[in-house]
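**Student:** quick one: sequence and predicted model below, then my questions.
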Protein chains: 2
Amino acid sequence: MFNPWPEAGMPLDQVATPMPVIDEDRLAANIARAQRYVEAHGKVFRPHIKTHKIAAIARQQLQAGAVGINCQKISEAEVFADAGFDDILITYNILGAAKLARLRALNERIGRLAVVADSATVVEGLAGTFEAGRPLTVLVECDTGGRRCGVQTPEDAAALAEKIAAAPGLRFAGILTYPATGGAERVEAFIVRTMDLLAEKDIACPVRSNGGSPDLFSAHLVPSATEHRAGTYVYNDRSMVRAGHCTAGDLAMHILATVVSRPAPGRAVLDCGSKALTSDLLGFSDYGMIEGFEGARIVSLSEEHAVVDLKDVTGVFPGVGERVRVVPNHTCVVSNLFDRMVFHRGGVVTRVEAVDARGTVW
Amino acid sequence: MFNPWPEAGMPLDQVATPMPVIDEDRLAANIARAQRYVEAHGKVFRPHIKTHKIAAIARQQLQAGAVGINCQKISEAEVFADAGFDDILITYNILGAAKLARLRALNERIGRLAVVADSATVVEGLAGTFEAGRPLTVLVECDTGGRRCGVQTPEDAAALAEKIAAAPGLRFAGILTYPATGGAERVEAFIVRTMDLLAEKDIACPVRSNGGSPDLFSAHLVPSATEHRAGTYVYNDRSMVRAGHCTAGDLAMHILATVVSRPAPGRAVLDCGSKALTSDLLGFSDYGMIEGFEGARIVSLSEEHAVVDLKDVTGVFPGVGERVRVVPNHTCVVSNLFDRMVFHRGGVVTRVEAVDARGTVW
């Protein structure tokens, strides 16, 4: 077998397509900017590794000042624990005997492990697994408008916190939200009311964790939050530009692609299909933005082809064999498709990193 | 690190979620049924491995009578050549010095390799790479209504065939189409007209390759086609049921998932997000079908969560910690997310196969 991955020093225009590539300087700037911002507002920052799944990037994030990392699966946390990470929050309801046994083993080998819970069933599973000698830290997940998981009211949050605090093997540490929608005022009100209810019960609530890249630079609008979590900010993508979180100059990931066909007037076909870009629309009506050709619309994807409508293109679109760069709608799912990630600076490959936690299944 | 993959003999209800699983009997039946059908209509069958990317399944397909395999990337073909496959068609325009060099190396080590071309640029690249001593077989890709790649008219097909036939290092073998839409009559008319034009030029056109799982059981409506290619038929999915290609009883892939939250009335959350199901809608308005709960709609996915609207569910939907089985909209992209695939029969795991060609990048 040939090695399909480029070596450091290879010019980017010789890297085989389709291939996502990461701009080192933009990556470093994104990491620094987010850290500075969250710190400036008196909070700790906990990056979510789901976006990159790469230990080397998480180390850059810790070196910049992050307090620890955020994972979404036990298997991701295990990979990062193996890589030496010692402060991990898994923002997921862990259920079932097999996963609970693994969670217990993980808690025994790293310094700080925490999970979330949003129901009595989840708390009971955790309470039956952990003991006072080596307790597990648990946060109550709250739904402040994201309409995914989470208890619905401050009263429910306080009741679940009481249940956690009463379990000998669990340590209640605070509350957490992922407010994809709903607004900062609603998040702040939910947190403040929950803290009041907990204070009445004499339960300490030191951690109030807020999250999301779209809300990163408005984290100061939730003054009661002590922590912010974000993933996508590290690479950024088309959805982050739309959200006003960043500009095109902050986009660290592009997908290198080749025009493989110009079969008919007004139609081009690229070699980046749904197995390179994924089908994530995130509210867009097309599957990515072709840099320098805003009028070009990726109107459909098959697995290894992207069909581009050139109707509204001004200027000359590249011909067969020529290359373009695509800004993905959503970086996190692109990372998840590739076993390694190629980095570059000034048009030259700098390093190729294994996507350490890709393909972990639990 | 723990091993997250089940062993043969494990009951399916102990397999960790989210996990796609393959029903051995349905898989074997799907393979046999397609092969029988295509053979009965006097054509050869060439399965596309993109759906499963697993050498062991491709061997089952060859044992059933398939003439060879179809790949979409050089890197996939290399993996299957390493696994002993000797008749491979790559239905892709291969461009650029690096890929052409690899294609040449591949052509030297397997018995039968063929690719497609739909433009003079692609043919010129191939013609400059191969020599008469070890020529490459090339088919002309035709657009018969799929509106992806392919020459637009029989006249263009014949002209490109002539160019291929004139290149010392290339061997023109025929024409190929992927008719996602357009209808059998249009495909047949395109093929017949192209054959007439080629006959006038004294160019033989022994291979007329048609494709697609949705069109598999209407392959007889294109009598001039000598070969049919299909991928999805091997597992089947929700889109294949909708297309009338199969029934729910032919679905070989399900995603095992766990209910991780019931945060509010009318809402459940599963642990199969876009990193398990993908965001492929394929024309549906939701992200998969929950077996036994047709009224339940997977209305949104985040990376590790599926949000289910229970408004129209009749009966009792499973609670936190209980399990469901999801029929994916599109199997091929689900396969591409997992490093291994779990097989079962009668509720018990039979084998776990590496997804050999997953993560190959070119």
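**Tutor:** That came through fine.

**Student:** what's the closest non-adjacent residue to residue A:289?
**Tutor:** residue A:327 (4.4 Å; Cβ to Cβ, 6 or more residues apart in numbering or on different chains). C-beta coordinates here come from the backbone N, C-alpha and C atoms, glycine included.

**Student:** mind listing what the one you found touches?
**Tutor:** For residue A:327, the contact set (Cβ atoms under 8 Å, 6 or more residues apart in numbering or on different chains) comprises A:237-238, A:241, A:248, A:251, A:253-255, A:288-291.

**Student:** got the phi/psi numbers for it?
**Tutor:** phi -90, psi 120 (degrees, to the nearest 10).

**Student:** just residue A:5 next, same as before
**Tutor:** Taking degrees, to the nearest 10, you get phi -90, psi 140 for the backbone angles of residue A:5.

**Student:** near residue A:290, how many other residues are there?
**Tutor:** 26 (other Cβ atoms under 10 Å in any protein chain shown).

**Student:** what does residue A:168 give?
**Tutor:** 11.

**Student:** hmm, back to that, model confidence for the residue nearest to residue A:289, exactly?
**Tutor:** On the pLDDT scale, residue A:327 is placed at 98.

**Student:** I'd like to know how far it sits from residue A:52.
**Tutor:** According to Cβ to Cβ, to the nearest Å, residue A:327 stands 17 Å off from residue A:52.

**Student:** now for the nearest residue in space to residue A:345 that is not next to it in sequence: which residues touch it?
**Tutor:** Leaving aside its chain neighbours, residue A:345 sits nearest to residue A:24 (4.4 Å; criterion: Cβ to Cβ, 6+ apart). When contacts are counted by Cβ under 8 Å, 6+ apart, residue A:24 touches A:343-345, A:350.

**Student:** cool, and residue A:281?
**Tutor:** For residue A:281, the contacting residues are A:287, A:329, B:279, by Cβ under 8 Å, 6+ apart.

**Student:** quick check, central residue of chain A?
**Tutor:** Nearest residue to the geometric centre of chain A (Cα atoms, centre = their mean): residue A:231, 3.1 Å.

**Student:** so the nearest residue to it once chain neighbours are set aside bridges to which residues?
**Tutor:** In this structure, residue A:231 finds its nearest non-sequential neighbour in residue A:48, 3.3 Å apart by Cβ to Cβ, 6+ apart. With DSSP bridges applied, residue A:48 shows beta-bridge pairing to residue A:70.

**Student:** need the residues of the stretch 251-362 of chain A near chain B, please.
**Tutor:** Applying Cβ under 8 Å from any Cβ of the partner chain, we find that the stretch 251-362 of chain A lies next to chain B at A:258, A:260-264, A:267, A:269, A:271, A:274-275, A:278-281, A:302-305, A:307, A:319-321, A:332-333, A:336-339, A:359-362.

**Student:** so which of those residues are in helices?
**Tutor:** The members of these that map onto helices under DSSP state H are A:332-333.

**Student:** what does the helix or strand hosting residue A:80 rub up against?
**Tutor:** Residue A:80 belongs to helix A:74-82 when elements are defined using DSSP states H and E. Helix A:74-82 has contacts (Cβ under 8 Å, 6+ apart) with A:49-50, A:53, A:55, A:58, A:69, A:71, A:88, A:90, A:94, A:99, A:102-103, A:106, A:109-110, A:113, A:356-357, A:360-362, B:1-2, B:4.

**Student:** now with 6 Å, please.
**Tutor:** Contact with helix A:74-82 is made by A:71, A:88, A:90, A:99, A:102-103, A:110, A:356-357, A:360, A:362, B:1, B:4, as judged by Cβ atoms under 6 Å, 6 or more residues apart in numbering or on different chains.

**Student:** likewise stretch A:173-189?
**Tutor:** Here stretch A:173-189 makes contact (Cβ under 6 Å, 6+ apart) with A:116, A:137, A:139-142, A:144-146, A:157, A:194, A:205-211, A:218, A:221-222, A:224.

**Student:** now that stretch: how far from the chain's centre is it?
**Tutor:** Put simply, stretch A:173-189 sits 18 Å off its chain's centre (Cα atoms, centre = their mean, to the nearest Å).

**Student:** mind listing what's buried in that stretch?
**Tutor:** A:173-180, A:182, A:184, A:187-188 (16 or more other Cβ atoms under 10 Å in any protein chain shown).

**Student:** and residue A:189, backbone torsions?
**Tutor:** With angles defined as degrees, to the nearest 10, residue A:189 sits at phi -60, psi -40.
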